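Colleague: whatever this is, show me its structure:
(chains A, B and C)
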Amino acid sequence: MTNGTMIKAMGLAAGLALASAGAAMAEFPDRPITLIVPYPAGGGTDIVARTLGAELERELGVSINVVNRAGGGGIVGTTAIAQARPDGYTLGVIASDISLYKPQDLADLSYENLTPIGQTNELPGGVTVKTDAPYADLAELLAAIEASPGQLSATGAPPNANWHVGYVGFMLAAGADPGGVNWVPTQGGTAGHLDVAAGNSTFSTASLVEARALIESGELRPLALSADDRSAAFPDVPTMKELGIDWSYGLWHGVVGPQDLPEDVQARLLEAVENAANSDNFRNTLIERGFTHLWRGGDDFRDFMISDMAAMTEIFEQLGQ
Amino acid sequence: MQIGDAVTGLFLALLGLLVAAFITTFPTQAGFFGPGLFPGLIAAGLVLCGSLLLLRGLRAGAGWRIAVDPRFEPGKLLQATRLLLAAVLSFALLMEWVGFAPLSFATLLILALWLRRSLLFSLGMALIVTLLLDLLFRQALRVPLPPGLLEGVF
Amino acid sequence: MWENLGAAFWLVADPTTLLTIFVASLFGFVVGALPGLTATMAVALLVPITFLLSPIAAIASIVSAAAMCIAAGDIPGALLRMPGTPASAAYVDDAHALSNRGDAGFVLGSSAFFSMTGGIIGTLVLILASPVLARFALNFSAFEFFWLGCLGLSCAVFVASEDVLKGMASLMIGLLISTVGMDYGTGYPRFTFGTYVLMDGVSFIPALIGMFALPEILRSLVAPGETHRVAQASMREAWTKVFAAARQYWHVALRGSGIGTVLGALPGAGADIASWISFAVAKRFSREPEKWGKGHIEGVIAGNSANNAALAAAWIPAMVFAIPGDTITAIAVGVLYLKGMNPGPTVFINNPDLIYAVFIVFLIANLLLLPFGILSMKVARWILRVPRQLLMPALLLLAVTGAYSIDNSASGILVMLALGIMAYGMESAGLPLAPAVLGIVLGAIVEQNMIMALISSQGNLLAFFSRPISAVLGVVTIIVWTVPLLRMALRQWRRRRAASAE
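Modeller: Numbering: from 1, shown residues only, chains lettered A, B, ... in the order given. Predicted structure coming up:
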């Protein structure tokens, strides 16, 4: 390349930059949007993001790039969303972990650093035992825990992560001591179910959905669901609330942007994400995966995250004592 | 480079001791199988292997030798090491602001010139490889390589 | 069964399905050949596209992309000493030495041929024994996986060259690296120096690129004598050698496929470990162990047949119990659900023709490895025509881009640099790299399961022997670890006695 063409190229570059700056003022969106997933490719959050991204592309008419920024239990990627330029071209799909960082002093990162756009789904936890376990129902399991403290073990997640928090909440709500059962740390819900099926741990508090095939094949038996309503996939499994334990807990996913998104961008995104989240394709994918489909837009989503973090804070305070 | 066994052994044993000292700062609330257990076992292994190597190096003599590989010119090796370090560090630290394509072009150009290629060839190679990488990683496989200075250009 | 097979055949014979298989293979080939881009990433990129495809085409795209991706991971390993996957790191030195000698075609041809062999054997087991093997795999808990991990670590002795002490030292370094990040028992961040980036540990791929490629780039930049090109053997010669190797080492390929199938069927072990263990076992029982590491094909055969067999076998627990054995099948399980082929023991009864169609797809995808192997040999000849020194700037850029792509973050580049410097130091000190990589790959599995087992048994060490499979594995592990040590001590003692007698 000679000097002359170099200067020409630079002039062209500057012109293009100006042109795109002018266009940004016209109509949002006019260029590809990046959707950050703070977890590795192939996980639950990733599937939600990629399914939603495909629908969102149709809604907004621009391409959506799903980008995995895993690390630090989601902190790295979520920080990247929070620190992105608030122009609506960088969004993210986050999971319920967002409510766990601040109560544990892991990172100064919570819903306050983000603009909520909409929650798309939920994945309720449960209590699952091995099929030939001597507990007919949840009450018998709780009685056995009471009768022999320190003898039984539960599993489903790394310590202080999602299903462990669900376990602590369940024990406290049932009036039992969370320390009376050994928590066996596993990487992920499926690994937890597997540990129960292998005859090692007594019960798992991970989602029933992750155990579906093991339940159908008669390896595991569900005792309860930690949700407000029964699940369509497991109509015979009672909720904890029905059994007199006031507790429900589940994983959830939602779309967020960085703080201070302009109002018009926010409105456009809310509309598009709502349509995408309620599309048949997205709904079917979620239901097939076993997630509970659910939509909470904008302020509803913010209110939900506030109450979720309050519940987590309370659990960690109880644990700390 | 060629490093003698005694040096290696001493280094590994010290590393083991350092790890052993460091894990005493780890919390121990989970009984003896806390976060320090596995690193502790490894530290013991490092001290053991390190001391054995140290002993072997001392016995064999010449264990303390540190020498430059005789196959290479020392000056050229130092230069290449510096260039490589500078290139990788500039990617790690500056890519977000400068962007992938400009850095890639500059790195390729400098390295090719250092390898005594003609200016025309170096420019061409730098441009073609940069464009190819951008096409493959950023455009086809959607890796979000930062645009940096070229934001909005392509 | 036969009418289902017939129906399945017509499902696969659909032109769009066949086209999908071909395009996905090509895609997997490109992704696999680029360092830093993994098979998981290739499959994740395919997810939105699977929505548009028929159930069979959707599964076919995943299967073919993954199989091709893993096999193509050998290309940068052989040509540039930059292993594309942890699995190909096992035999990267042999592969690279062979291609430096002018046998790149032989390596890549063997890689394709034995990947195909392993893949097909794994698939046959998947077809014939899924329910039985899956049921067996369910018996594996933390105790069994702990022993299995220890058994894997003992391979370090075999993969290290003659110097056992240096091999052990290198293994310790690898294990130490694997402890970086959040602890499994308490979530306490270890050796992270206050950054979130290291909380999930040191990423494999940037680490591998740093350890193998960076020192190689440095050496090649300054090496005065290596500017000339190595004349490469012709395509015909290469294939003659591949078939000669197949005749001579068929038992290695068979054993590798067996190891791969068993380890692949266990959720949590996976293709990387299978490749390493198969490599180590092959070296242990090799008739010509002195040739290893200097360009010997046996290790390439052992590794390739094992990792592709494991890839197919990972579908066994995924199909029968919806338990993904690796990240690829984790995505695949999602797609199975999405397409209404809910995994579970009943899938064989409810959707037999679909399942048979999936099996046929597996066979086709693996057979396609061979023609794509020819493609990779063509690409190799083209790349190797460039003078080696001149390839280095581009290789450096490829390394940086690859390290960045894994988490889309500059931290990957820093990890690559740090491990590159470490590897350079290790090579200077004569410490072999392979045991360190083994430590990085296996460390997490050993530690995580050890902590899990200790917590659930409340520190009772007898519990490590109280389950039947665990007891067997434990005894085997202890024998494998103590016998060589005893033998070494005995030899030392004899030598000393002989010396004092003189």
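
Colleague: residues touching residue 77, list them.
Modeller: Since you didn't name a chain, this refers to chain A. By C-beta atoms under 8 Å, 6 or more residues apart in numbering or on different chains, the contact set of residue A:77 is A:36-39, A:68-71, A:92. C-beta coordinates here come from the backbone N, C-alpha and C atoms, glycine included.

Colleague: actually it's chain C I care about, not the one you picked
Modeller: C:83-84, C:88-89, C:91-92, C:95-96, C:212 are the contacts of residue C:77 under C-beta under 8 Å, 6+ apart.

Colleague: in the stretch 201-321 of chain A, which spans are helices?
Modeller: Using DSSP state H, counting those that start in this stretch, the helices of the stretch 201-321 of chain A run over A:212-216, A:263-277, A:280-289, A:298-320.

Colleague: those helices: lowest mean pLDDT?
Modeller: Note on the helices of the stretch 201-321 of chain A: lowest mean pLDDT is at helix A:280-289, with a mean of 83.

Colleague: angle of that helix against helix A:263-277?
Modeller: Angle, helix A:280-289 to helix A:263-277, by axes from the mean of the first three to the mean of the last three C-alpha atoms, to 10 degrees: 60 degrees.

Colleague: can you pull the buried residues of helix A:280-289?
Modeller: A:281-283, A:285-289 (16 or more other C-beta atoms under 10 Å in any protein chain shown).

Colleague: could you check that helix against chain C for contacts?
Modeller: Yes: under the criterion of C-beta under 8 Å from any C-beta of the partner chain, helix A:280-289 makes contact with chain C via A:281, A:284-285, A:288-289.

Colleague: with secondary structure and distance to residue C:147 added, can I get the contacts of residue A:77 in a markdown table?
Modeller: Below are those laid out as a markdown table (DSSP: H, G, I helix; E, B strand; the rest coil; distance: C-beta to C-beta, whole Å):
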| residue | secondary structure | distance to residue C:147 |
| --- | --- | --- |
| A:36 | strand | 40 |
| A:37 | strand | 36 |
| A:38 | coil | 35 |
| A:39 | coil | 31 |
| A:68 | strand | 33 |
| A:69 | coil | 36 |
| A:70 | coil | 30 |
| A:71 | coil | 31 |
| A:92 | strand | 41 |
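
Colleague: can you name the two of the residues you listed that sit furthest apart?
Modeller: Largest separation among the contacts of residue A:77 by C-beta to C-beta: A:71 and A:92, giving 13.9 Å.

Colleague: what do those two both touch?
Modeller: With C-beta under 8 Å, 6+ apart as the test, residue A:71 and residue A:92 both reach A:38, A:77.

Colleague: ends of stretch C:460-478, how far apart?
Modeller: 18 Å (C-alpha to C-alpha, to the nearest Å).

Colleague: same thing with stretch A:58-65?
Modeller: 13 Å.

Colleague: what comes up buried for it?
Modeller: Neighbour count says stretch A:58-65 has A:59-60, A:64-65 buried, by 16+ other C-beta under 10 Å.

Colleague: quick one: the strands in chain C?
Modeller: C:181-182, C:189-190 (DSSP state E).

Colleague: what's residue 113 in contact with, if anything?
Modeller: No chain in the question, so chain A it is. Contacts of residue A:113 (C-beta under 8 Å, 6+ apart): A:82, A:258-259.

Colleague: you looked at the wrong chain, it should be chain B
Modeller: B:119, B:122.

Colleague: which residues of the chain score low on pLDDT?
Modeller: Unless you meant another one, I'm taking chain A. A:1-26, A:42, A:321 (pLDDT under 70).

Colleague: wrong one, chain C
Modeller: Along chain C, the parts satisfying pLDDT under 70 run over C:1, C:160-161, C:224-230, C:501-502.
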